[in-house]
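> Make a model of this:
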Amino acid sequence: MATSDTDQKAPPLWQFVTVADHYLPTASVGAISKNWFATWRKRLRSNDADSEFTNKMSNLETLPCERLERVAPAPDWRDAVVSLDGALEGWLTDERSDLPVVFLIGPPHGGCADILRRWAEQRQWRVLDPPAPEQILSGDPAWPGSPMADGRPWVLPCLERIYLRHATGLGQVRHFLQQVCRSALGRGIIGCDSWAWAFLRRIWPPGRRALALTLQSFDQERLTVYFQRLAGIPEQQLLLFRQSNNGAYVLPPPAGILDESVARSDFLRRLAAHSRGIPGVARAIWRASLRTRPAADMTGETGADDRNPPCQTIWIAPWDQIEKPALPGNAGRDQAFVLHALLLHGGLTAELLGCVVPLAPHHVVETLALLQDAGLVEQAAEVWRVTPIGYPAVRGFLEDNRYFSDDF
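Model prediction:
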């Protein structure tokens, strides 16, 4: 099977590292200067050609849902589970370790909780269900219960589910963490959202060490491989991904199709920086950028010559033409209260939101509706969460208003 140079040279897609080794993707000054100079030089040569190309692509449409699910489906996490298993190998084989528990920290929409659940299923480790809200508020000492007594290793995918930032909502998590530190619960792995981790590490028992891993951020190279694999490239070798305003390649074309006269887009570099390398956020924006020509205009696009199989082109909207949610112009303290609480808890019902923010219940509902209309929050199974495509705007808004945030 032929593979592209990008796939061969790319770093591991799913790489778990210590939290201290995590980095955020950035667009380097050198790369920005190089891209700017190349764009400036190209415009000097072919402004008329670019204008003609843009006009030709002006009637693009968003991808139909069925096709969107084929080109950018949800990941199945199998490779990520294998990578996590490799990262945990040393800890798993060292039964005398003085670190009975490992933490897996991940930002919102990073996939760590899903990966951890699938890892636990594969390893046949017990998965702990979180306590009910009333147990959290009462500090019920019965949780996690007698099943822990048999010594089987366990996984808690979402530590953020066992506390509420409320006067009576921290006893449960304090007691649990104390048991963990005393090795009273045996060997286990705790998953935790990065915002909850930023808050809960303040109540971590002093002087106690903890091994904390996280998924390395998805930079431009990783996003390239990620989107290629989601679309079935290079297995299918039928799709080209090109920027709609200039025809530049956004993903490397299949082997044998490359046209050296076509420029390379910096779209994925900008996407990596904007999404902070979070795969779920990047995928949401990627899906919003995908375009196709109307069916009546599609006449069978081909590769470099007649010897190549036909290729269909998926067009990518220019970065500044993608609709990305933003905070309403009148957003203020109330919106910040709600958004911060949702991130600290990895999502909450409207009822529980009313317990942790200083707003009347009807005002909570009104604020959620306003944020939903702006595309910043969504509801599933009665739980409200910040949307993946809206997360960058929400994070920036909270930072601008000096709310503490995570490190991811």
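> what's Ser275 in contact with, if anything?
218, 281-282, 285, 392 (C-beta atoms under 8 Å, 6 or more residues apart in numbering). Where C-beta positions appear, they are placed from N, C-alpha and C, glycine not excepted.
> Pull out the buried residues from these.
Restricting the contacts of Ser275 to buried positions leaves 218, 281-282, 285, 392, with burial counted as 16 or more other C-beta atoms under 10 Å.
> Cross these against helices and list the overlap.
281-282, 285, 392 (DSSP state H).
> Need the max-distance pair from the residues you listed.
Across these, the longest distance by C-beta to C-beta is 10.2 Å; it joins Ala282 and Pro392.
> Residues in a beta bridge with Gly106, which ones?
On the basis of DSSP bridges, Gly106 is bridged to Asp193.
> So it is in contact with Gln216, correct?
No: in this structure Gly106 lies outside contact range of Gln216 using C-beta atoms under 8 Å: 10.9 Å.
> what about stretch 220-232, average pLDDT?
When pLDDT is averaged along stretch 220-232, the result is 94.
> How about stretch 248-266?
80.
> Redo the ones in helices among the buried ones among the contacts of Ser275 as CSV? Include distance to Ala113 and pLDDT.
Compiled in CSV, those are given as follows (distance: C-beta to C-beta, whole Å; pLDDT from 0 to 100):
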residue, distance to Ala113, pLDDT
Val281, 15, 98
Ala282, 18, 98
Ile285, 21, 98
Pro392, 20, 98
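> Closest to Arg229 out of the residues you listed?
Set against Arg229, the nearest of those by C-beta to C-beta is Ala282 (13.4 Å).
> Can you pull out the low-pLDDT segments for the stretch 151-300 of the chain?
206-207, 233-237, 258-261, 295-300 (pLDDT under 70).
> would you list every one of the helices in it?
171-181, 194-200, 220-230, 267-275, 279-289 (DSSP state H, counting those that start in this stretch).
> elements contacting the second one?
By that I understand helix 194-200. Contacts defined by 3 or more C-beta pairs under 8 Å, 6 or more residues apart in numbering; DSSP states H and E place helix 194-200 against strand 101-106, helix 333-345.
> and the first one with helix 279-289, angle?
Between strand 101-106 and helix 279-289, the angle comes out at 20 degrees (axes from the mean of the first three to the mean of the last three C-alpha atoms, to 10 degrees).
> going on from strand 101-106, what's the next piece of helix or strand?
helix 112-123 (DSSP states H and E).
> partners of the helix or strand following that following helix in the sheet?
Next in sequence after helix 112-123, counting helices and strands by DSSP H and E, comes strand 126-127. Strand pairing for strand 126-127, determined by DSSP bridges: strand 154-156 (parallel).
> Pull the residues that contact the strand it pairs with.
Residues from elsewhere that reach strand 154-156 (C-beta under 8 Å, 6+ apart): 116-117, 119-120, 125-128, 130, 148, 162, 185-191.
> Now list the buried members of those.
Restricting those to buried positions leaves 116-117, 119-120, 125-126, 128, 130, 148, 162, 185-191, with burial counted as 16+ other C-beta under 10 Å.
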